[in-house]
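**Q** here is the input, now give the coordinates:
(one chain, ligands or ions: 1)
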Amino acid sequence: MSYPNVLLLIDNVWREGRRNATRAVHNPANEEVIGTVALATTTDLDDAVACAASGFEVWRRTPAVERTRVMLGAAELLTQRAESIANLLTLEQGKPLAESRAEIAMSADIIRWAANEAPRIYGRIVPPRAAGVQQMVQKEPVGPVAAFTPWNFPIAQVARKVAPALASGCSLVLKAAEETPASAAELVRAFVDAGLPAGVLALVFGEPAEISEHLITHRAIRKITFTGSTPVGKQLAALAGMHMKRVTMELGGHAPVIVAADADVARAARTLADAKFRNAGQICLSPTRMMVAQTAFDEFMETFLARIREIRVGDGMLEGSTMGPLANKRRLDAMERLTHDALSRGASLATGGVRLGDSGNFFAPTVLTEPSKDSLVLNSEPFGPVATVWRFAELGEAIAEANRLDYGLSAYAFTRAIKTVSRLAAEVQAGTLWVNQAAAAWPELPFGGVKDSGYGYEGGPESLDAYLQAKTVAISDV
Ligand code: NAD
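**A** Below is the predicted model:
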């Protein structure tokens, strides 16, 4: 399987950056260089923004049904090309092929859903207070968007921004992740091949801080959307605030899980083992802080560990691997650091805790029990295959722990008691509470965070609202 040298897309032309600078792309399963990605200069960025500004004038005037048609075409191309794109995605990111295929199918689904929303961007008529007056509220696209996406879902995270922005009539300059550029480029290619007019979508790569500084402060950019870590998100939101730009921030999480004594404990344990180690744990909504009722703890651990023993860690390109390597060396180092710190503070190691093999970023699925509250793993997002589990005695205590951190993205509960569900729904501080199930962030559901996990939503009609502004037009006939 050959991996391309990934180029920038500006004005629907694929090209190198002005200085012909590139950066190597590595396969995380064996650390080999598999290709390169072109890096933009600030002049390239200025070109991209100028095109996005003229593309916006075209796209915002394009009838919604025509926007839908182009977007559905892109979803269709993505689906037709899924197998070859899945190979690129696994080569650059590491996840097993089955997960890459599922990510591409989900991305096509996101595009289709947003495409079909475009003709439903309704305004409203507001009854006037005087005769001869009409009051209308119309929705209009906010303007050219700067979008920043991470490496954990290199296609799906792009789809979650590009699809609602395009459906709303916005143009975009997209900076996708330099570590996983090829699959993002293939998604962009699907739009171009489906007939997206020049300038409506630009793709750039480069030095992230330089690009974000340049794009966010650029006068023509009207909206910023970022998915990534909380520290970077705070910096970008501050800069956007200084320049009065609209912002969506999808940041980190450290999802609490409450398994009540009345739950189907074995089912909860299997569901959580599958969910926790998907994408090697590199998911912002991954269940990470598992609290299990005292009386259910032994049954939970037995099933949880048995399920984890079925995980086959290996190169994602090999059929049979169910967990790939970590996407980069930083995560591997972080897993070692988090595990050693927790153990030094009194946690027990139920399984894993070690790097696997001498090459590639493989780390064993790891479970730490009864970690101390001050351990790193209970305070910063693990973003890797390390789970923590401990006992709780009383529901109030588990809710307090769920809300202890500044994160508030996803939370999980397993219980058969409607009273418990009602209490958790009212009291847990999170953007989404998943009850008796793994996360399923369908395109039709708004997904977003509270507190340090960010603001704004991706998914659902709210995802289009993020790219729209309301204009009131009041007309008197006198
Ligand atoms: P990082 O904070 O260095 O980078 C996170 C992302 O932001 C990357 O895609 C990076 O290219 C980008 N980035 C970094 N600095 C930037 C800047 N100044 N301007 C614009 N973009 C910038 O962390 P990392 O090591 O790549 O990832 C690890 C952490 O990132 C994780 O612990 C997790 O919290 C977070 N993360 C979250 C998500 C998510 O889905 N919310 C996805 C990926 C990473």
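**Q** residues near the closest residue to residue 322 other than its chain neighbours, how many?
**A** Counting by Cβ to Cβ, 6 or more residues apart in numbering, residue 322 lies nearest to residue 312, which is 4.8 Å off, once chain neighbours are set aside. From N, CA and C alone the C-beta is placed, and that goes for glycine too. As a burial measure, residue 312 scores 10 neighbours (other Cβ atoms under 10 Å).
**Q** okay but residue 312 is in contact with residue 319, surely?
**A** No: Residue 312 is not in contact with residue 319 according to Cβ atoms under 8 Å; the separation is 10.1 Å.
**Q** joint contacts of those two?
**A** Shared contacts of residue 312 and residue 319 (Cβ atoms under 8 Å, 6 or more residues apart in numbering): none.
**Q** related to what we said a few turns ago, got the phi and psi for the residue nearest to residue 322?
**A** phi -110, psi 110 (degrees, to the nearest 10).
**Q** where does pLDDT dip in the protein?
**A** Applying pLDDT under 70 to the chain flags residues 1.
**Q** what parts of it come near the ligand?
**A** 148, 150-152, 177, 208-209, 212, 227-229, 232, 236, 250-252, 284, 330, 381, 383 (Cβ under 6 Å from any ligand atom).
**Q** filter these down to the ones in strands?
**A** The strands, defined by DSSP state E, take in 148, 227, 250 from the residues of the chain next to the ligand.
**Q** what's around the second one, how many residues?
**A** Read that as residue 227. Around residue 227 there are 24 residues (other Cβ under 10 Å).
**Q** center of the chain - which residue?
**A** In the chain, the residue lying closest to the centroid (Cα atoms, centre = their mean) is residue 157, at 4.5 Å.
**Q** where does that one land in three-state SS?
**A** Secondary structure, DSSP: H, G, I helix; E, B strand; the rest coil: residue 157 is helix.
**Q** my read: it touches residue 227, true?
**A** Yes: contact criterion Cβ under 8 Å: residue 157 and residue 227 qualify, at 5.2 Å.
**Q** and the closest residue to residue 381 other than its chain neighbours, how far is that from residue 432?
**A** Distance criterion Cβ to Cβ, 6+ apart; nearest residue to residue 381, sequence neighbours excluded, is residue 252 at 4.3 Å. Distance, residue 252 to residue 432, using Cβ to Cβ, to the nearest Å: 15 Å.
**Q** buried residues in stretch 250-270?
**A** 250-261, 263, 265-266, 268-270 (16 or more other Cβ atoms under 10 Å).
**Q** the residues you listed in helices, which ones?
**A** Under the assignment DSSP state H, the buried residues of stretch 250-270 contribute 265-266, 268-270 to helices.
**Q** look up how far residue 172 lies from the closest residue to residue 146 other than its chain neighbours.
**A** Nearest residue to residue 146 in three dimensions, chain neighbours excluded: residue 215, at 3.9 Å (Cβ to Cβ, 6+ apart). Distance from residue 215 to residue 172, counting by Cβ to Cβ: 10 Å.
**Q** anything in contact with each of those two?
**A** residue 146.
**Q** the residue of the stretch 351-478 of the chain found nearest the ligand: what's it in contact with?
**A** In the stretch 351-478 of the chain, the residue found nearest to the ligand is residue 383; the distance is 3.8 Å by Cβ to the nearest ligand atom. For residue 383, the contacting residues are 152, 252, 281-284, 286, 331, 334, by Cβ under 8 Å, 6+ apart.
**Q** for the residues you listed, which one is nearest residue 121?
**A** Nearest to residue 121 among the contacts of residue 383 is residue 284, at 27.9 Å by Cβ to Cβ.
**Q** these two touch, right, the closest one and residue 409?
**A** Yes: if you go by Cβ under 8 Å, residue 284 and residue 409 touch, sitting 5.8 Å apart.
**Q** identify the contacts common to those two.
**A** Once Cβ under 8 Å, 6+ apart is applied, the residues that residue 284 and residue 409 both contact turn out to be 251-253, 453.
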